[in-house]
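Enquirer: coords please:
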Amino acid sequence: MATRKKKKGKKKQKASFLRQVWTGFYGMLVFCSALVVVLFLFYKVTSKPPSTAQPPAPPVAVVTDDPATETDESQQYTLQRKDATWTFLLCAQDQVSGSTDTIMVCTYDTVNQKIGLVSIPRDTLVDRPGYRYHKINAAYNNGGMEELMAAAGEVLGFPIDHYVRIDTRIFVDLVNAVDGVDFNVPVHMSYDDPTQNLHIHYEPGMQHLTGKQALEVVRCRKNSDGDGEYPHNIYDAYPDADIGRTRTQQQMVMTIAKKVLSNPQKVGSYMELFSKYVDTDLSLGNLLWFVEPALGFDFSDLTTATFPGNGMVTYKGITYCYALDIEKSLAIINDCLNPYTTEITKEMVKMLQG
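Expert: So this is what the prediction gives:
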C-alpha cells in the first residue's frame, strides 16, 4: 500500500510540475504576443512618409521670331511627382579638412522598388551667388547642409527632399556589427601618410574586411610608393583618379547595405549606431516608414553611376575643377534620379563648363 501511495504522489507532483511549466510557457506566449502587438501599433502610429521638396520654378518662356517655336505663356508648366518617390543627399566629411568629399544623390521609388545612386565628383564646378567657392565639396564648409543641398540641387535641376550626413567612423562599427564584409578591392593600394598616422596597404582581389579595413579602402585615392620621398612619391591609385574611388564607395555602400539587411535581428545595434554617427532631417517616424519597403528590396534593382566630365578645368583662377558633361549627365539624371514624370531639361540644370 505504501508503494502504491508513493507512486500516486509522484504522479501528482509530475502533473503539478507540468501544469507550472505550461502556465509559465503560456504566460510567456501571452507576453510576447502583447509585446509584438504593442511594437506593431507603435510602428503604425509613429511611422509616416517624409515630406517632398517643392518642384523647381518653370523655365523662362522663350520668345523667338518663329511663332511655331515660341513658348506659349498660357500653357501651365507643372512637374508631377512620381508616387511615393523620394530623393536624398548622402554625404560624408573628410576626416582632415571637414569638406564633404563623398557626395551621392539617391532616389528611392518605393512603388516600383527602384533605387538610383549617383555620385557627384567632389571637384564638380559650381558658382553660387554670394559665395566664393567653386568646387561642390566646399559647399558644406561655406553654409552647412542647407548650402550643400542648394548647390547640388542646381546641378541636378531639382531640389532634394532630405539629407543624410554620415560620420565615416560608422563604417568601422557597422561593418564590425555584421562580422565584416567580403569585398573585391579593385586596385593596388599602398599609401602611408606619417602626418595622419595613416597606412593603407591592399592588393586587388576579393577579401574579408573588418570595419577599420573597409574604411581604409573607401578612403584611399592616392598611393605613396612611387619614386622619390614623401610627398613627391604620391600618384593616383585609380587610372581615372577620384572617379574610380567614387565607384568603390558606391560598391562598398551596397555591400554593407546587403549585409545589414540580411541581419535584421541586429536592428537595435543599427539604430544605436545611426543615432551616434548620422545627422539627418528625417524624423524617427520617417525612418520607420522606410523599414517595410527596404526589407523587401532586391539589390538587382539598384542602379549606380557617377557624373562624367572633365577634371582639368580652371575657373576664376581655381584649378582642377570638374566640369560635367551636360548631355551625358542629363541622361543619368533622367534615368536614375528624376523624381518627376517629365524629363529634366538643359534649361533646368546649372552645369558650368569653365
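Enquirer: got the buried residues for the helix or strand hosting residue 260?
Expert: Assigned by DSSP states H and E, residue 260 falls within helix 242-261. Judged by neighbour count (16 or more other CB atoms under 10 Å), helix 242-261 contains these buried residues: 242-253, 255-257, 259-260. Glycine gets a C-beta too; all of them are placed from N, C-alpha and C.
Enquirer: number of nearby residues for the residue lying closest to residue 293 once chain neighbours are set aside?
Expert: Spatially, and ignoring its direct neighbours in sequence, residue 293 is nearest to residue 110 (4.4 Å; CB to CB, 6 or more residues apart in numbering). Neighbours of residue 110 under the rule other CB atoms under 10 Å: 20.
Enquirer: picking that back up, which secondary structure elements does the helix holding residue 260 contact?
Expert: strand 102-109, strand 114-119, helix 169-177, strand 181-185, helix 211-219, strand 302-306 (3 or more CB pairs under 8 Å, 6 or more residues apart in numbering; DSSP states H and E).
Enquirer: so which of the ones you listed comes closest to residue 193?
Expert: In terms of CB to CB, the element of those nearest to residue 193 is helix 211-219, at 10.3 Å.
Enquirer: okay, the closest one in CSV with CA atoms only?
Expert: Output of helix 211-219 as CSV, limited to C-alpha atoms (Å, rounded to 0.1, in the frame of the first residue of the first chain):
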residue,chain,number,x,y,z
GLY,A,211,35.3,47.8,-40.2
LYS,A,212,38.7,49.5,-40.0
GLN,A,213,39.8,47.9,-43.2
ALA,A,214,36.6,48.8,-45.0
LEU,A,215,37.1,52.5,-44.1
GLU,A,216,40.7,52.4,-45.3
VAL,A,217,39.6,51.0,-48.7
VAL,A,218,37.0,53.7,-49.3
ARG,A,219,39.3,56.5,-48.2
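Enquirer: what angle do it and helix 242-261 make?
Expert: 150 degrees (axes from the mean of the first three to the mean of the last three CA atoms, to 10 degrees).
Enquirer: Show me what helix 211-219 packs onto, helices and strands only.
Expert: helix 169-177, strand 181-185, strand 198-202, helix 242-261.
Enquirer: Switch these over to TSV; also include distance to residue 219.
Expert: Shown next, in TSV, are these (distance: least, CB to CB, whole Å):
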stretch	distance to residue 219
helix 169-177	9
strand 181-185	13
strand 198-202	7
helix 242-261	8
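Enquirer: Could you dump these into a markdown table with mean pLDDT added?
Expert: As requested, the helices and strands packed on helix 211-219 are arranged in a markdown table below (pLDDT from 0 to 100):
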| stretch | mean pLDDT |
| --- | --- |
| helix 169-177 | 91 |
| strand 181-185 | 96 |
| strand 198-202 | 92 |
| helix 242-261 | 90 |
